[in-house]
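Asks: Got a predicted structure plus its sequence, pasted below:
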Amino acid sequence: MIEIRSIDERRKAIALATPNKHKSAMGQFMTPSVIARFMASMFNSLAGKNIKLLDAGAGIGSLTAAFTERAACEKANSLDCEAWELDPKLHEPLAATLKACGDLMEENAGKFSSLIRSEDFILAFTDLFAKEKMVAPTHAILNPPYKKISSASAHRHALRECGIETANLYSAFVALALTALTDQGELVAITPRSFCNGPYFRPFRELILAKSALVQIHVFESRTQAFQGDEVLQENVIFHLVKGAKQGSVIVSSSEDATFSDLRTKTTSFDEIVLANDREKIFHLATEEDKAETTAAMERYSYTLEDLGLGVSTGPVVDFRMRDHLCAEAGSDRAPMVHSHHFEAGFVVHPKFEAKKPNFIQVNDETRKWLMPTGCYVVVRRLSSKEERRRIVPAVFTPDAATGDLVGFDNKTNIVHQSKKGMDRDVAKGMAIYLGSTFADQWLRKFSGHTQVNAGDLRALRYPDIKTLAAWGQKIDIALPSQEEIDQLVGGI
């Protein structure tokens with residue numbers, strides 16, 4: 001057998017010896033063997049198959065080792081592994097792992113061959129794919145690097161040449177591997193959960209749903225336990241895709257951490273993962289208990305924003321682009337500029353001269369198209385820290401908080417509006433009550449794996465009817481009720 005324990009020892013030794021700066025530059029987080037084995041177990045039967053395996057970002061080969069163990073156990077006919085690893089410091093331990101893999105396959109009467117590729121996976125692979133100089137893999141197993149890609153980078157350009165639009169190395173690796181797979185080829189990857197939600201990953205979600213069927217997805221409920229020792233603060237998921245397959249039901253599994261000691265598994269309809277007619281293609285990942293609670297919640301509050309005649313948009317004013325037009329003081333040619341630091345007791349209080357950011361924006365030909373007509377809006381903070389108790393933080397903006405006909409909303413907020421204009425005052429106050437409830441906050445957390453609250457998240461929520469919102473709004477004047485009072489009004493999950 002392959003000495004998985006020795007691989008873990010080498011992985012830990014290399015991780016300890018590698019400066020954090022280097023790991024960050026490479027987006028490098030190596031896979032513990034227990035996770036590698038779990039990932040290998042997700043593939044369909046390997047018995048009697050001739051396998052072409054792609055391991056991109058192979059590290060020291062933990063994923064290939066786990067896959068080979070299973071292939072040898074099930075008597076796969078042959079295994080040809082192509083391991084891509086850019087870091088030359090890892091080539092020696094990777095080569096040792098591949099040699100052990102070959103020995104294991106031969107002990108079980110299977111053929112084995114391997115190749116280590118040291119090129120940049122995205123740049124070299126996109127070139128090979130474009131020129132059809134590669135043998136399509138039948139299987140791919142990935143723990144890709146986690147790092148943002150600049151919009152003007154060579155990586156982004158190369159990906160676009162292959163019809164892939166994404167802003168992170170991990171989603172780029174998965175998209176390339178999936179595109180390259182043979183028909184009915186299988187892919188298993190561990191990545192941050194962030195792709196499941198938000199506008200930046202929408203093209204990636206659309207790509208994987210168009211090209212493959214989601215067979216299984218595993219959720220780690222602890223943010224920090226999948227890659228202990230590597231300071232990974234992302235929530236992680238493992239998913240199994242089959243290229244070109246017809247979408248059926250989905251296995252959703254979960255565990256608190258990477259020991260899998262409390263593994264829970266359920267089978268659910270795909271429509272409960274990606275809601276029908278959801279333009280954002282958000283992945284809703286809930287445990288069995290969460291699913292029951294969410295179903296009950298949807299029976300109580302079943303309206304979409306569109307049903308209510310409302311919409312939500314990200315605040316239009318990007319401050320660094322409008323820097324030359326932002327002002328500290330009011331003036332006849334200036335509109336109020338609203339940031340989240342203007343939130344106070346559930347309402348927008350403007351201006352706040354003690355704050356660092358400018359309170360006003362000039363109204364001119366360059367800024368006017370980014371401003372909205374003064375009216376009643378619900379403003380929701382987009383960003384929160386991992387330690388904060390709430391993710392949804394709303395505030396009501398009313399004309400009382402502004403002078404003039406226009407208002408600017410910061411890009412770090414979301415704006416609930418009615419056809420890009422203000423809405424009824426009572427409805428706005430009622431909407432802030434609902435979004436300020438523990439009910440709505442917990443519901444959002446059931447499908448959002450990151451700390452941002454994007455416009456797509458708010459579209460995915462379900463809401464009370466207009467009459468209920470207006471009735472709640474009539475109960476308040478210049479401040480939202482206490483959390484306890486809000487939760488009594490709205491109810492809890």
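Replies: Alright, I've got the coordinates.
Asks: name the helices or strands packed onto the helix or strand hosting Ile208?
Replies: For Ile208, the host element (DSSP states H and E) is helix 202-211. Helix 202-211 sits against helix 169-180, with contacts defined as 3 or more Cβ pairs under 8 Å, 6 or more residues apart in numbering; DSSP states H and E. (C-beta placed from N, C-alpha, C; glycine too.)
Asks: Go through the helix it packs on and flag the buried ones.
Replies: Residues Leu169, Tyr170, Ser171, Ala172, Phe173, Val174, Ala175, Leu176, Ala177, Leu178, Thr179, Ala180 are the ones in helix 169-180 that count as buried (16 or more other Cβ atoms under 10 Å).
Asks: of the residues you listed, closest to Leu241?
Replies: Nearest to Leu241 out of those is Leu178 (Cβ to Cβ; 6.4 Å).
Asks: ok now do that closest one, which residues does it touch?
Replies: Ala140, Leu187, Leu207, Ile208, Lys211, Ser212, Leu241, Lys243 (Cβ atoms under 8 Å, 6 or more residues apart in numbering).
Asks: my guess is the first one contacts Gly57, does it?
Replies: Okay, so that is Ala140. No. Between Ala140 and Gly57 there is no contact under Cβ atoms under 8 Å: 11.0 Å.
Asks: Now list whatever residues contact both of those two.
Replies: Joint contacts of Ala140 and Gly57 (Cβ under 8 Å, 6+ apart) do not exist.
Asks: follow-up on the earlier one: quick one: the buried residues of helix 169-180 as a markdown table, columns for distance to Asp278 too.
Replies: Shown next, in a markdown table, are the buried residues of helix 169-180 (distance: Cβ to Cβ, whole Å):
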| residue | distance to Asp278 |
| --- | --- |
| Leu169 | 26 |
| Tyr170 | 23 |
| Ser171 | 19 |
| Ala172 | 24 |
| Phe173 | 25 |
| Val174 | 21 |
| Ala175 | 20 |
| Leu176 | 26 |
| Ala177 | 25 |
| Leu178 | 21 |
| Thr179 | 24 |
| Ala180 | 28 |
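Asks: could I get those as JSON lines with distance to Thr468 and pLDDT?
Replies: Formatted as JSON lines, these follow (distance: Cβ to Cβ, whole Å; pLDDT from 0 to 100):
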{"residue": "Leu169", "distance to Thr468": "45", "pLDDT": "94"}
{"residue": "Tyr170", "distance to Thr468": "41", "pLDDT": "95"}
{"residue": "Ser171", "distance to Thr468": "39", "pLDDT": "96"}
{"residue": "Ala172", "distance to Thr468": "44", "pLDDT": "96"}
{"residue": "Phe173", "distance to Thr468": "46", "pLDDT": "96"}
{"residue": "Val174", "distance to Thr468": "42", "pLDDT": "97"}
{"residue": "Ala175", "distance to Thr468": "42", "pLDDT": "96"}
{"residue": "Leu176", "distance to Thr468": "48", "pLDDT": "94"}
{"residue": "Ala177", "distance to Thr468": "47", "pLDDT": "95"}
{"residue": "Leu178", "distance to Thr468": "44", "pLDDT": "96"}
{"residue": "Thr179", "distance to Thr468": "47", "pLDDT": "92"}
{"residue": "Ala180", "distance to Thr468": "51", "pLDDT": "91"}
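Asks: just those now: which is nearest Lys281?
Replies: Among the buried residues of helix 169-180, Ser171 lies closest to Lys281 (Cβ to Cβ), at 13.4 Å.
Asks: And the helix holding Ile208, what's buried?
Replies: For helix 202-211, by 16+ other Cβ under 10 Å, it's Arg202, Pro203, Phe204, Arg205, Leu207, Ile208, Leu209, Lys211.
Asks: tell me the contacts of the last one?
Replies: Under the criterion of Cβ under 8 Å, 6+ apart, the contact list for Lys211 reads Leu178, Thr179, Lys243, Gly244.
Asks: From those, pick the one nearest Arg390.
Replies: Leu178 (36.1 Å).
Asks: my guess is Val174 contacts Val188, does it?
Replies: No. Taking Cβ under 8 Å as the definition, Val174 is not a contact partner of Val188, at 10.2 Å.
Asks: list residues touching both of those two?
Replies: By Cβ under 8 Å, 6+ apart, the residues touching both Val174 and Val188 are Leu142.
Asks: Show me which pair in the contacts of Lys211 is furthest apart.
Replies: Greatest spacing in the contacts of Lys211, by Cβ to Cβ: Thr179 and Gly244 (11.6 Å).
Asks: Glu366 - nearest residue in space that isn't next to it in sequence?
Replies: His325 (6.6 Å; Cβ to Cβ, 6 or more residues apart in numbering).
Asks: Show the pLDDT at that neighbour.
Replies: Note on His325: pLDDT of 95.
Asks: Can you get me a residue count around it?
Replies: Using other Cβ atoms under 10 Å, His325 has 20 neighbouring residues.
Asks: With Phe409 instead?
Replies: Neighbourhood size, Phe409 [other Cβ under 10 Å]: 25.
Asks: Phi first, then psi, for the nearest residue to it once chain neighbours are set aside.
Replies: If the residues on either side of it in the chain are set aside, Phe409 comes closest to Gly315, at 3.7 Å by Cβ to Cβ, 6+ apart. Phi and psi for Gly315, reported as degrees, to the nearest 10, are phi -50, psi 130.
Asks: measure Ala460 to Asn197 for me?
Replies: 8 Å (Cβ to Cβ, to the nearest Å).
Asks: If you count surrounding residues, which of those two has more?
Replies: For Ala460 versus Asn197, neighbours defined as other Cβ under 10 Å are more numerous around Asn197 (27 against 20).
Asks: wait, doesn't that one sit right on Phe283?
Replies: Yes. Here Asn197 lies in contact with Phe283, judged by Cβ under 8 Å, at a distance of 7.0 Å.
Asks: Can you tell me the SS state at Ala213?
Replies: At Ala213 the chain is in strand, as set by DSSP: H, G, I helix; E, B strand; the rest coil.
Asks: For it, give the beta-bridge partners.
Replies: Val242 (DSSP bridges).
Asks: Against Asp457, how distant is it?
Replies: Distance, Ala213 to Asp457, by Cβ to Cβ: 25 Å.
Asks: Give me the more crowded residue out of those two.
Replies: The neighbour count for Ala213 versus Asp457, taken as other Cβ under 10 Å, is higher for Asp457 (24 against 18).
Asks: For the more buried one, what is the enclosing helix or strand?
Replies: Going by DSSP H and E, Asp457 is in helix 455-460.
Asks: How about Ile415?
Replies: Following DSSP H and E, one finds Ile415 within strand 413-417.
Asks: What segments of the stretch 1-150 of the chain are helices?
Replies: 4-17, 20-26, 33-41, 62-73, 91-107, 121-130 (DSSP state H, counting those that start in this stretch).
Asks: Pull out the buried positions in the fifth one.
Replies: Buried positions in helix 91-107, judged by neighbour count with 16+ other Cβ under 10 Å: His91, Pro93, Leu94, Ala95, Ala96, Thr97, Leu98, Ala100, Cys101, Gly102, Leu104, Met105.
Asks: same thing with the last one?
Replies: For helix 121-130, the neighbour count (16+ other Cβ under 10 Å) marks Phe121, Ile122, Ala124, Phe125, Thr126, Asp127, Phe129 as buried.
Asks: Among the residues you listed, which has the minimum pLDDT value?
Replies: Lowest pLDDT among the buried residues of helix 121-130: Phe129, 68.
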